[in-house]
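[1] one predicted model, sequence on top.
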Amino acid sequence: MAELPNSSPPPKANTKGQEPDQLSPEDKKLVTLLSSDLSLTPKPYAQLAAELDLTENEVIEKVADLSRRGLIRRLGAVVAHQKSGYKANAMIVWLMPEDRLDEVGEMFAGLPYVSHCYQRRPVADWPYNLYTMIHAQDRERLMAQAQNMADMSGAQKWRILESLKEFKKESLRLTF
């Protein structure tokens, strides 16, 4: 497969040394089910177990094994932030010196109002190499958070890209 111009390099093996193609067919089916919504029942793993022809304990053990192997990081709820009072959000793009990217990226990632923090390769006419997504109850607070991030990082060049309209938002659903 040819690499696209300015594309990111292929993903590295995860820190546990396990590649996704080393998943067993049963693991793939479990990961596919886990990437969908779990049922709102007292025993959601029991329902998964029935779909996989396993016991509930076997499913729990497989989830723990996938986590130990670094193939899944976490399971969690997705909160509809706008419905919960967070009406303002924006992507902020930052131009950071290469030697400060890790330091600033980790600092930003630790802020409670930052949901996403990525390093990306700059492209022609767009020099930004650090991207953050921030959320606030209102635009005024959002702007104050952005300014705080600029002050704490010493950023000289950054831009706020406010979200105006949401066309799609859903969790990634894996299928193999």
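    Here it is on my side, so go on.
[2] tell me what the residue sitting nearest the centre point of the chain is bridged to.
    The centroid of the chain falls nearest to H116 when counting by C-alpha atoms, centre = their mean (6.0 Å). On the basis of DSSP bridges, H116 is bridged to M133.
[3] what about it, distance to E103?
    18 Å (C-beta to C-beta, to the nearest Å). C-beta here means a position set from N, CA and C on the backbone, and glycine is covered the same way.
[4] where in the protein is pLDDT low?
    Along the chain, segments meeting pLDDT under 70 span 1-21, 77-83.
[5] domain assignment for it?
    Residue ranges for the domains of the chain, per automatic domain parsing: 24-68, 88-162.
[6] out of those domains, nearest to L172?
    domain 24-68 (6.4 Å; C-beta to C-beta).
[7] what about M143, helix or strand, and which?
    helix 139-153 (DSSP states H and E).
[8] elements contacting that helix?
    strand 88-95, helix 101-109, strand 130-136, strand 157-162 (3 or more C-beta pairs under 8 Å, 6 or more residues apart in numbering; DSSP states H and E).
[9] closest one to F176 among the domains of the chain?
    With C-beta to C-beta, the closest approach to F176 among the domains of the chain belongs to domain 24-68: 4.0 Å.
[10] for that closest one, how far is the first residue from the last?
    Using C-alpha to C-alpha, to the nearest Å, the end-to-end distance of domain 24-68 comes out at 15 Å.
[11] and it, how far out from the chain's middle?
    Chain-centre distance of domain 24-68: 21 Å, with C-alpha atoms, centre = their mean, to the nearest Å.
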